[in-house]
Every structure is written in C-alpha cells, then in structure tokens.
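*Asks:* sequence and predicted structure are below.
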There are 2 protein chains.
Amino acid sequence: MNETYCYTNQQILKTSDGSLPISDLGIQRGYGIFDFFRVHHKRAVFLEDHLDRLFHSAKVMRLDECVTRDQLLAIIQELVTLNDMEHSGMRIMITGGDADDGYTIQKPRLSIIQNNLKPPPILLPESGVHLATYPYQRQLPDVKTIDYLMAIWLQPWMKEKKANDILYHHDQNITECPRSNIFIITQDFKLVTPAYGMLSGITRKNIIRACHKLHIVVEERNIHLNELKEARGSFICSTTKRMMPVVKIDEIDFDLSSSRKTMETIWQELIKMEEAPF
Amino acid sequence: MNETYCYTNQQILKTSDGSLPISDLGIQRGYGIFDFFRVHHKRAVFLEDHLDRLFHSAKVMRLDECVTRDQLLAIIQELVTLNDMEHSGMRIMITGGDADDGYTIQKPRLSIIQNNLKPPPILLPESGVHLATYPYQRQLPDVKTIDYLMAIWLQPWMKEKKANDILYHHDQNITECPRSNIFIITQDFKLVTPAYGMLSGITRKNIIRACHKLHIVVEERNIHLNELKEARGSFICSTTKRMMPVVKIDEIDFDLSSSRKTMETIWQELIKMEEAPF
C-alpha cells in the first residue's frame, strides 16, 4: 500500500507521522470540529456545501481564525494531487490548539487526513438497516463537533438490541443517527425529516434539493416517535452511505417494497447531482 | 526552565515531544477519560481516591484494558522522580486509541503529563467567586470524560455575565461547575451538596469525610435553584482550588462573613487530611 499524506501543524507529512501535541484542546478538552467528504477520482463531492458547514461549525466554536477558505482549498488540492487515490474520504478537523491554561482557545489547529474509502454502491441497497431509538440530544447539534462520546459508548447496547444503528430522540421527537440523518416516507409519498436538534447533513440537504427537482413534497419539521408507526417507509442518509433503507425502528417494521421506488428515484437524482460540474 | 517528561505510547519522553497519533479516538471522536491530582514534594494528594475514580471512569467507558493499577503506580512513581517538581499537577488520560474504522475501541491509549502548579493557599481565600447558572447536563456525569465542549464554548457568555465560573443546573436542580463541585451552607449551618448529575469530586468526597470528623451535618441531595435564596453561604471545591467561597450566584449575594468560620474549620481539616500518611 502506498504511503499517504496528511496535513497538520501547518505542514504536509506522512499520515503515519501525523500527530497532535498532547496539549491540544482537542485532546485535553474534546474541543474541536470537523467535516468529511468523499473524493472521487480527484473530485470532491459537494465540496462547497461541506466547506460552508465547516466554516459554520468553526465560527460557532470560535475556531475560525486558523485558515481562510482559499488557503484551505489550496491545501485540499495539494493533498488530493499528492495522494492520488481513486476513491477516498477527506477529513478536515479544527481543534482548539495549544492552551497555556489548558482551557482558553489561543490558536486553533487545522489537520487534514485522507483515507481510502469504498464508494457507495451504484444502486440503492437491496436490504435495509434496523435502528434502535435512544433518548439523547447532542450538544450544539448544528455544529459538527468531534463529540461522539455517546455514540461510541452505546455500541454494546446497540448490538444487544440487534440493531445496526442508533436513532436519537429528544422530547419524544426523533432527531438523527450519530452519523446519518433520517427521512420518513408518509403514506401519501411525502418525505418528512427532522428540522431541529440535529446536524444539517450535506446528503440530507442535497436530497431535499433533489426532491424539489423531482416535485416530491418534503417537510422539515418535528417527527414524534408515535408518527413512525404510520410511516410507509424510512431511510437514513450520509456522505459515506448516500442513502440506506430502514427496515425496522425498534419494533416497527417497514415493508421496503412499498417505498423502494421513491427512494430509487431520489437515489438516481442524487448521483446525477454528485457528478454535476461545480 | 527544566525539561519535563510525560508518558505516552507506552514510553516516557520529553513533554514537548508528547503527542497522540491523529487516528486516536480521543482526537477523532472526543472519546477519552482522565483524572488529575496534585503532587506536593513528590507526594500525590488523595492518590488512592483519584485512582479509584480513574478506573471507574475507564471501566464505564470500556477503556480499562490498557494498564493495571500496579503498572500505573509504577509509571507515576517513575515520572514523579524524574520530573522532581516541588508542586505539580499530574494528569492521567486514557483515550480510545487507534481504530481501523475510526469508531470501534481496539486498544485504549494511556498518556500522563505532569505540569508545574501553584499550590492552593494556606488560608481560605479572603474573597469569593461569582457564579452564573446555565441549564446543562453533562453526558455520563459520573465519569470524568474529556468532554468540556460546553464549558469552553460558554466562556464568552460567562464573561458577559461578569462571572468567574459557570454553575450548571438540570430540571431546576443545580449540579456542578465545569471543574468544581458546589456546597451550600444552610441557615442552621448544615452543608448540602448535589447528589445526582454531577462528577463525584475527590475534594468533595474528602470534605464530606472532614465534616463527619467535625460533626458537621452534610446532606447529599437535590438542590433546587430556589433554595439558593435561602442559603447562608456557598463554596465550590476542586483539586486545584481546594475550597473557594462563593459570593454571588446570578443575582443572589452571599454575606461571606456569616459562613466563613464554618468554611475555615473544614479547610483546616482538609489540609490535615491531605498531609496524612497513606
């Protein structure tokens, strides 16, 4: 396997040499944000959307003073060229940086890693996933922080439930999976997705755009846990998965065949959008 | 200034060379725990209490397979001898370690740093701090995780409120400050401290022990925000501060003189306990 390169401490170096000083607030206090996108054949998918969100996250967390958008684009370009991977995921992270008092943000630190990644399949997956619901509200939910404490902590619980992923809910409303957004498909073939308490996913955003093009009605609003029983179907979406049908949420089964066509139509539109020129 | 030494990646090395691979789940997913204690003249204060808590935190987070208590004691001893500091703070951290999938705990990573630290004063501070209350519940509150996201994020808000520290509350009950526990002193000179939703601080624990010795009544129970108005006084406590009087919580002022004697009695007992042989 070829050596890959990463960026940290203001330089490009071998990924195997990539490290953060132990004093960084990311390590000391879990204070950091990131974004993650796919790169296909040197082409970053939905790059502008991801950079918009990265800078939003950075601004909310006061980590936006370490790089400009143009500087960042130049570093991304350099890494993509250097690493020359067919399919990959690029993770851009900004942590709190070194703090004399272990607490106060002084100079945030930018780090970028690029890893090989299996691209999503060409067709919507035949089968789907089983979600288990859990009451939890992420802190600063509209910010893509590095805080996945509960998600990782809950892994054994999830396996006990024989589920493939966790669906968080708060005040009886579903919000998101740890690394995916969720949509439900109603009996009259509308799409509904939570509007509050979750990360605004880039795939979610582009699915909404796709629905507008396809004249499929999309509602962004609270979804009560009880509403799941009445849904025709459901899927989750993310950068790595694109879309993934949901066949079960707790004890509620969904007949995938009854909403598969709708999902496939959106899936095809999404692929078109991914491949569109900037 | 002399070079100090730290421990990470299973070796002792210069603190300035101490780093974590960028792949560690501590950096990637904010997944880690730590503990922190004072070392006076090569003597660790309340060490057994801190190690008990460290291993409790590690067990809850499934990070306990990287070191035994005896191994850890040996490394601490070696660092303390090597660094030869008069007063210091030692921070023991266990992060999720490297994960092939960026998500699954495989081999947790132990890191230890020791820094110079000003010891707490000999006498209870003359003046006190102003706390501003904020509604927030830490995730896994009885675990000393590295998650200080809200604490750091709230620093500008706290300064706006002209406060010195933040007091979290949940469901109208006060819980803790980001790095301290809180006690209130009632009109009849009882001590009351929250029992749920907060970290079991080691200084808190030893203050309760001190009160038992001093025949001061201590109640561990919920404290409603409204109860603060009726309190005689309040103080916060932590490893670095020992005890710190509170003179104001939001708009409620406390007359420090009315409870100072009680605090001073506990303070003196606490110092005796810190200095007692293991």
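*Replies:* Ah, there it is. Numbering: from 1, shown residues only, chains lettered A, B, ... in the order given.
*Asks:* pLDDT score assigned to the spatially closest residue to A:I105 that is not a sequence neighbour?
*Replies:* Computed as CB to CB, 6 or more residues apart in numbering or on different chains, the closest residue to A:I105 that is not its neighbour in sequence is A:G96, at 5.2 Å. Placement of C-beta: from N, CA and C, glycine included. We have a pLDDT of 97 for A:G96.
*Asks:* in chain A, where is pLDDT below threshold?
*Replies:* Along chain A, the model assigns pLDDT under 70 to residues A:1, A:277-278.
*Asks:* bridging residues for the nearest residue to A:E3 once chain neighbours are set aside?
*Replies:* Excluding its sequence neighbours, the residue lying closest to A:E3 (CB to CB, 6+ apart) is A:K14, at 5.5 Å. On the basis of DSSP bridges, A:K14 is bridged to A:Y5.
*Asks:* need the contact partners of the host helix or strand of A:R38.
*Replies:* For A:R38, the element it lies in under DSSP states H and E is strand A:32-40. Applying CB atoms under 8 Å, 6 or more residues apart in numbering or on different chains, the set of residues contacting strand A:32-40 from outside is A:25-26, A:44-47, A:50-51, A:53-54, A:57-58, A:61, A:63, A:80, A:85-96, A:114, A:117, A:119, A:143-146, A:202, A:239-240, A:274, B:27, B:30.
*Asks:* just the buried residues of those residues.
*Replies:* Listed as buried from the contacts of strand A:32-40 are A:25-26, A:44-47, A:50-51, A:53-54, A:57-58, A:61, A:63, A:80, A:85, A:88-96, A:114, A:117, A:143-146, A:202, A:239-240, A:274, B:27, B:30; burial here means 16 or more other CB atoms under 10 Å in any protein chain shown.
*Asks:* doesn't A:Y7 make contact with the residue nearest to A:E3?
*Replies:* No - at 11.2 Å, A:K14 and A:Y7 do not qualify as touching, with contact defined as CB atoms under 8 Å.
*Asks:* any idea which helix or strand carries A:I75?
*Replies:* Counting by DSSP H and E, A:I75 is found in helix A:69-83.
*Asks:* ok now that helix, how far from the chain's centre?
*Replies:* Chain-centre distance of helix A:69-83: 21 Å, with CA atoms, centre = their mean, to the nearest Å.
*Asks:* before we move on, back to that, looking at A:K14 and A:Y7, which is more packed in?
*Replies:* Comparing A:K14 with A:Y7 by other CB atoms under 10 Å in any protein chain shown, the one with more neighbours is A:Y7, at 24 against 10.
*Asks:* could you look up the SS state of that one?
*Replies:* strand (DSSP: H, G, I helix; E, B strand; the rest coil).
*Asks:* which residue packs closest to it, ignoring adjacent ones?
*Replies:* Sequence neighbours aside, A:I112 is the residue nearest to A:Y7 in space, at 4.1 Å (criterion: CB to CB, 6+ apart).
*Asks:* give the next helix or strand downstream of the helix or strand hosting the one you found.
*Replies:* Secondary-structure assignment from DSSP H and E places A:I112 in strand A:109-116. Next along the chain after strand A:109-116, taking DSSP H and E as the criterion, comes strand A:129-135.
*Asks:* that next one: partners in the sheet, and parallel or antiparallel?
*Replies:* With DSSP bridges as the test, strand A:129-135 is paired with strand A:165-170 (parallel), strand A:242-249 (parallel).
*Asks:* mind listing what's buried in that strand?
*Replies:* A:129-134.
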